[in-house]
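J.: What follows is a predicted structure for the sequence shown.
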Amino acid sequence: MGRLQKILIPFLGLVLAFWFYSARENFKPEMLKGKRVIVTGASTGIGEQMAYHLARMGSHILITARTEAKLQKVVERCLELGAASARYVSGTMEDMAFAEHVVKEAETSLGGLDMLILNHVGTSYFGYFNGDVGHVRKLLEINFLSYVAMTTSALPMLKESEGSIVVVSSMAGKVGFPFTVPYSATKFALDGFFSSLRQEFSIQSVNVSITLCILGFIDTGKISAV
Ligand SMILES: NC(=O)C1=CN([C@@H]2O[C@H](COP(=O)(O)OP(=O)(O)OC[C@H]3O[C@@H](n4cnc5c(N)ncnc54)[C@H](OP(=O)(O)O)[C@@H]3O)[C@@H](O)[C@H]2O)C=CC1
Ligand SMILES: CC(C)CCC[C@@H](C)[C@H]1CC[C@H]2[C@@H]3C(=O)C=C4C[C@@H](O)CC[C@]4(C)[C@H]3CC[C@]12C
């Protein structure tokens, strides 16, 4: 009985957790063909690369970030790669009215929305917490509140299309790491909001999926080592 409790039961728990959380491998690129997708923070890094993948799969893409010149180039490349259409709206996610405006743009120019990919992050520092409450507030607005604002305004369209919300988060949004205090706080907030909302959708039979992506370090060329 002792051995059963110490080894077999935790092992069974691990197997069940692995089975429950592993994704089924039924993805086909054609699934994204013709789909109307918003990608935020798509002027550089992971967002830019997601836009190119969607372009190769033939989606209608609406991208956003602050730097217009970079967005223009990403749109051109998306069209070369085979996007059904590609357009951008530039502005800052510090402004909730702008966040909502991006969603409105999808409604007017694409006639609806199938997927909302929330990926942008504001600039933070990586070091001991410096006590700057104003910075935490600003980062929460960019990394969290604008995600909430966009989700709220996109929900009617996503319910209509039975679409998806994809939230790009981090291991720092699941576990506390040193030197990432403000950033980590904003990512934990995303988990609280979206994991709870997913449960409500399940209870209410709302057919909109919510995927929280928990990423480790991804080398986007910005920093050579961490
Ligand atoms: N790279 C990594 O190692 C990891 C990344 N992640 C997550 O992946 C996602 C993408 O990260 P990554 O590609 O590295 O980040 P980048 O810094 O390369 O890209 C951030 C994007 O957000 C935009 N952005 C920044 N500030 C604002 C703002 N105020 N308003 C609107 N847009 C803004 C930037 O464009 P612009 O400056 O033109 O506005 C840019 O397009 C993030 O959510 C991040 O937390 C998670 C774990 C690890
Ligand atoms: C098993 C563990 C020891 C793994 C530790 C993982 C640690 C090292 C991972 C988890 C989350 C990661 C950070 C992150 O989420 C986002 C960014 C922003 C990007 O612009 C620059 C890199 C940075 C700071 C990542 C740095 C590496 C972090 C801290």
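T.: Thanks, I have it. Ligands and ions are numbered 1, 2, ... in the order given.
J.: Could you pick out the longest helix of the chain?
T.: helix 181-204 (DSSP state H).
J.: Partner strands of the next helix or strand after that helix and their direction?
T.: Downstream of helix 181-204, the first helix or strand assigned by DSSP states H and E is strand 209-215. Paired neighbours of strand 209-215 in the sheet (DSSP bridges): strand 164-170 (parallel).
J.: Going along the chain, name the strands of the protein.
T.: 36-40, 60-65, 85-90, 115-118, 164-170, 209-215 (DSSP state E).
J.: Poorly predicted segments of the protein, please.
T.: The model of the chain has pLDDT under 70 over residues 1, 23, 223-226.
J.: swap the cut-off to 90 and go again
T.: Flagging of the chain using pLDDT under 90 yields the residue ranges 1-27, 221-226.
J.: Can you list the helices and strands that the longest helix of the chain packs against?
T.: When contacts are defined as 3 or more C-beta pairs under 8 Å, 6 or more residues apart in numbering; DSSP states H and E, helix 181-204 sits against helix 133-140, helix 146-161, strand 164-170, strand 209-215. The C-beta positions use only the backbone N, C-alpha and C, and glycine is treated the same way.
J.: buried sites along the longest one?
T.: Within helix 146-161, the residues that qualify as buried by neighbour count (16 or more other C-beta atoms under 10 Å) are 146-151, 153-155, 157-158.
J.: Can you pull out the residues in contact with it?
T.: Outside helix 146-161, the residues within contact range by C-beta atoms under 8 Å, 6 or more residues apart in numbering are 36, 38, 40, 93-94, 96, 99-100, 102-104, 106-107, 112-114, 116, 118, 120, 163-165, 167, 190, 193-194, 197, 206-208.
J.: rewinding a little: switch the buried residues of helix 146-161 over to TSV; also include distance to C213.
T.: Output for the buried residues of helix 146-161, formatted as TSV (distance: C-beta to C-beta, whole Å):
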residue	distance to C213
S146	17
Y147	13
V148	17
A149	20
M150	16
T151	15
S153	22
A154	18
L155	20
M157	21
L158	17
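J.: tell me the angle the longest helix of the chain makes with helix 146-161.
T.: 20 degrees (axes from the mean of the first three to the mean of the last three C-alpha atoms, to 10 degrees).
J.: And V102, how close does it get to S59?
T.: Note on V102: its distance to S59, by C-beta to C-beta, to the nearest Å, is 16 Å.
J.: More neighbours: which of these two?
T.: Higher neighbour count among V102 and S59: S59, with 27 against 24, using other C-beta atoms under 10 Å.
J.: from what I can see S209 touches V167, true?
T.: No. Between S209 and V167 there is no contact under C-beta atoms under 8 Å: 11.1 Å.
J.: Phi first, then psi, for the nearest residue to N207 once chain neighbours are set aside.
T.: Spatial nearest neighbour of N207, excluding adjacent residues (C-beta to C-beta, 6 or more residues apart in numbering): E162 at 4.3 Å. Main-chain dihedrals, E162, degrees, to the nearest 10: phi 50, psi 50.
J.: okay but E162 is in contact with V206, surely?
T.: No. The pair E162 / V206 is not scored as a contact, 9.1 Å apart, by C-beta under 8 Å.
J.: These two: which is more packed in?
T.: Neighbours of E162 and V206, each counted by other C-beta under 10 Å, are more numerous for V206; the result is 16 against 11.
J.: Could you count how many residues lie near the nearest residue to K33 once chain neighbours are set aside?
T.: Distance criterion C-beta to C-beta, 6+ apart; nearest residue to K33, sequence neighbours excluded, is G58 at 4.1 Å. Look at G58: counted by other C-beta under 10 Å, it has 18 neighbours.
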